[in-house]
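>>> task: produce atomic coordinates for the following.
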Amino acid sequence: MLELANSTFRTIGRGDSVPNDVVVPFYLDDRKLRVSVVRVDGRLHAFDDLCRCGGVACPLSSGLLVATTLMCQCHGSRFDVVTGAVIDGPATSPLTIYEAREANGDIQIRPFVAGATEPIHPERLGEQP
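Okay, the predicted model is just below:
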């Protein structure tokens with residue numbers, strides 16, 4: 001998971017770079033990490049971009065997105081982009097997901113709080129998205 005200070009949002013790109021129903025990858029040079037962001041029904045979802053369903057990293061940003069289900073182009077694993085859960089294998093590990101928001105026209109992400117069973121949304125924390 002992306003190592004950031006506890007509850008710190010990090011800007012990764014412009015909000016207008018992620019249209020509805022399109023998976024857009026971002027590369028974080030300092031972390032050597034690819035994170036993808038998708039906007040579904042006006043909500044942003046972020047997750048690690050590389051699937052390891054076949055033992056070899058495969059970019060999920062090239063997969064097929066239908067609603068909130070993303071299929072890996074390499075071996076056909078399907079994931080829920082909201083929770084990271086594996087819907088169909090061969091993948092056995094869920095995606096690492098991040099809290100995502102748009103603030104001042106920028107996309108920002110941060111890790112979910114450890115032990116959380118669902119995403120923590122800014123409106124629940126009293127923050128402005």
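>>> rest of the way, CA atoms for contacts and neighbours
Will do.
>>> and after the worst-scoring helix or strand of the chain on mean pLDDT, which helix or strand comes next?
Least confident helix or strand of the chain, by mean pLDDT, DSSP states H and E, is strand 50-51 with a mean of 86. Heading C-terminal from strand 50-51, the first helix or strand you meet, by DSSP states H and E, is strand 58-59.
>>> what stretches of this protein score poorly on pLDDT?
For the chain, applying pLDDT under 70 flags the ranges 1-7, 112-129.
>>> where do the helices sit along it?
Taking DSSP state H, the chain contains no helices at all.
>>> how close does T92 sit to G55?
Distance, T92 to G55, using CA to CA, to the nearest Å: 11 Å.
>>> which one's more surrounded, those two?
It is T92, of T92 and G55, that has more neighbours when counted by other CA atoms under 10 Å, with 13 against 8.
>>> test my guess that T8 contacts Q108.
No - the pair T8 / Q108 is not scored as a contact, 9.5 Å apart, by CA atoms under 8 Å.
>>> looking at these two now, which is surrounded by more residues?
Here T8 and Q108 are set side by side on neighbour count (other CA under 10 Å), and the busier one is Q108, at 24 against 11.
>>> for D49, see how far away the more buried one is.
Q108 is 16 Å from D49, by CA to CA.
>>> what do you get for A91?
Counting by CA to CA, the gap from A91 to D49 is 14 Å.
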